[in-house]
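> model this:
(2 chains)
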Amino acid sequence: AQKITQTQPGMFVQEKEAVTLDCTYDTSDPSYGLFWYKQPSSGEMIFLIYQGSYDQQNATEGRYSLNFQKARKSANLVISASQLGDSAMYFCAMREADPGKFYFGSGTKLNVKP
Amino acid sequence: EAGVTQFPSHSVIEKGQTVTLRCDPISGHDNLYWYRRVMGKEIKFLLHFVKESKQDESGMPNNRFLAERTGGTYSTLKVQPAELEDSGVYFCASSQATGVGEKLFFGSGTQLSVL
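Here you go, the predicted structure:
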């Protein structure tokens, strides 16, 4: 079974608007971490934000926030006030406590329109 | 501090040839991972080194793939002989530990094209 599911292969958003990238996950491990990475056209993978399974508050990092809904097993990334430089591939990922392996989704390609 | 570096950034080879990819992790990171992304698919785990030992190689597709990590420093991933389906982007990543909150630091990947 797929551990991480990203159902949006591609998305468009108008500059300065907010956008939500969907991510659902599957685990029976009570302890896990959820991550989002950005991959611009240059190829490097840039860490954006982290949410622990026991964290009570949704994680935020500048314009990025993670909408964590534990019962639904979803970890959507919200980007506020989109900028042209946000155009990239975005990967959702999960790390389980045992055995510590990282799982990735298939990614969402975000295009920000001027 | 230097990040994770990978060589080469691109490689184009013919079916049946051999290719060796190299990864230099962040200094002091005991954990080194190899991942592969085939176009449009998820990033798939290949294997995990802890220092020089293979902790988990469950993602290695077949015995045409051989990974080593000399002295627990840099790692190489050799594909011999290469097949068309081996094309994709090969990522190397490293981390200091393996706790749930430990993020992976990635290299820029090697784009492998097998013709």
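> B:Phe91 is in contact with B:Ile43, isn't it?
Yes - using CB atoms under 8 Å, B:Phe91 is in contact with B:Ile43, at 6.7 Å. All C-beta spots, glycine's among them, are computed from the backbone N, C-alpha and C.
> Give me the common contacts of the two.
B:35-37 (CB atoms under 8 Å, 6 or more residues apart in numbering or on different chains).
> which ones among the residues you listed come in contact with chain A?
Among the shared contacts of B:Phe91 and B:Ile43, proximity to chain A is found for B:Tyr35 (CB under 8 Å from any CB of the partner chain).
> now, which of the shared contacts of B:Phe91 and B:Ile43 lie within strands?
If you go by DSSP state E, these have B:35-37 in strands.
> which sections of the chain are below the confidence cut-off?
You didn't pick a chain, so chain A it is. Within chain A, the stretches with pLDDT under 70 are A:1.
> Wait, chain B was what I had in mind.
Looking at chain B by pLDDT under 70, you get B:1.
> hang on, the earlier thing: just the buried residues out of the shared contacts of B:Phe91 and B:Ile43, in ChimeraX syntax.
Restricted to buried positions by 16 or more other CB atoms under 10 Å in any protein chain shown, the ChimeraX selection for the shared contacts of B:Phe91 and B:Ile43 reads:
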select /B:35,36,37
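> Out of the shared contacts of B:Phe91 and B:Ile43, the closest to A:Leu34 would be?
B:Tyr35 (17.4 Å; CB to CB).
> I figured that closest one was touching B:Tyr90, is that so?
Yes - the pair formed by B:Tyr35 and B:Tyr90 meets the contact definition of CB under 8 Å, at 7.3 Å.
> intersection of neighbour lists for the two?
B:Leu46.
> Chain B against chain A: which residues are in contact?
So chain B meets chain A at B:9, B:33, B:35, B:40-45, B:48, B:55-56, B:89, B:91, B:93, B:98-109, B:111 (CB under 8 Å from any CB).
> Write a ChimeraX command that selects only the buried members of those.
Of the residues of chain B next to chain A, the buried ones can be selected in ChimeraX as follows, counting by 16+ other CB under 10 Å:
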select /B:33,35,42,43,44,45,48,55,56,89,91,93,98,100,102,103,104,105,106,107,108,109,111
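> From the residues of chain B next to chain A, which land in strands?
Using DSSP E, these in strands are B:33, B:35, B:43-45, B:48, B:55-56, B:89, B:91, B:93, B:105-106, B:111.
> Taking those, tell me the two that lie furthest apart.
B:Gln55 and B:Gln111 (26.4 Å).
> what's A:Ile46 in contact with, if anything?
With contact set as CB under 8 Å, 6+ apart, A:Ile46 has these partners: A:37-40.
> mind checking how far it is from B:Glu14?
Distance of A:Ile46 to B:Glu14, computed by CB to CB, to the nearest Å: 33 Å.
> B:Ser27 touches B:Thr5, doesn't it?
No - with contact defined as CB under 8 Å, B:Ser27 does not count as touching B:Thr5 (11.1 Å).
> For A:Phe12, grab the count of nearby residues.
For A:Phe12, the count of nearby residues is 11 (other CB atoms under 10 Å in any protein chain shown).
> what about it, helix or strand, and which?
strand A:10-14 (DSSP states H and E).
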